[in-house]
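[1] With the input below, show me the fold.
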Amino acid sequence: MEIRQFKTLVAIADFGSFAAAADAVGLTQSAISLQIKNLEDELGFELFDRRHRPPMLNNKGVLLVEHARTIVTTCDLVARLGSNDDLKGTLTFGAVPTALAGIVPEALATLRAQHPNLHISVKSGLSFELAGLVRGG
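    Next comes the predicted model:
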């Protein structure tokens, strides 16, 4: 079992469906489904009643979500206590122009606000140009 599987399980419980959880955590619905299927395989029992659409947590799933919340909270706390939140250095980021006009500015602003000592350098270009820059180091 992996912490990401528990985080996914909690997200499904919080958002009410695999699709909504996928949107919330930034994964595809198929990735969410695969994580849950793998978790169920490891546990040896199902967590969802799939006769309903969207699938609903069964009794074992509801019980596991309660404990998964505690596990996730504890792991997040330990990670925060043990991490060095003061990232320093330079992050060089490449993106195609359409991405730079979309989600990238807000994401980079959030990153910059959370890590003020991190210098962010943005390169704009077409995919093949950016891939060449990566290959070139």
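
[2] from here on, contacts and neighbour counts on C-alpha atoms
    Will do.

[3] So which elements touch the lengthiest helix in the chain?
    In the chain, assigned by DSSP state H, the helix with the most residues is helix 59-82. On a contact count with 3 or more C-alpha pairs under 8 Å, 6 or more residues apart in numbering; DSSP states H and E, helix 59-82 meets helix 3-15.

[4] Next, the contact list for the closest residue in space to residue 65 that isn't next to it in sequence, please.
    Nearest non-adjacent residue to residue 65, counting by C-alpha to C-alpha, 6 or more residues apart in numbering: residue 10, 5.9 Å away. Residues in contact with residue 10, defined by C-alpha atoms under 8 Å, 6 or more residues apart in numbering, are 65, 68, 69.

[5] center of the chain - which residue?
    residue 25 (4.4 Å; C-alpha atoms, centre = their mean).

[6] before we move on, back to that, okay, buried residues for the longest helix of the chain please.
    For helix 59-82, the neighbour count (16 or more other C-alpha atoms under 10 Å) marks 61, 62, 64, 65, 68, 69, 72 as buried.

[7] Show me the contact partners of the strand or helix carrying residue 42.
    Secondary-structure assignment from DSSP states H and E places residue 42 in helix 29-43. For helix 29-43, contacts defined as C-alpha under 8 Å, 6+ apart pick out 1, 5, 8, 9, 18, 19, 21, 22, 46, 47.

[8] Could you list the low-confidence segments of the chain?
    Residues of the chain that meet the criterion pLDDT under 70 lie in 81-86.

[9] if we go to 80?
    77-88, 137 (pLDDT under 80).

[10] domains of it?
    3-82, 89-135 (automatic domain parsing).
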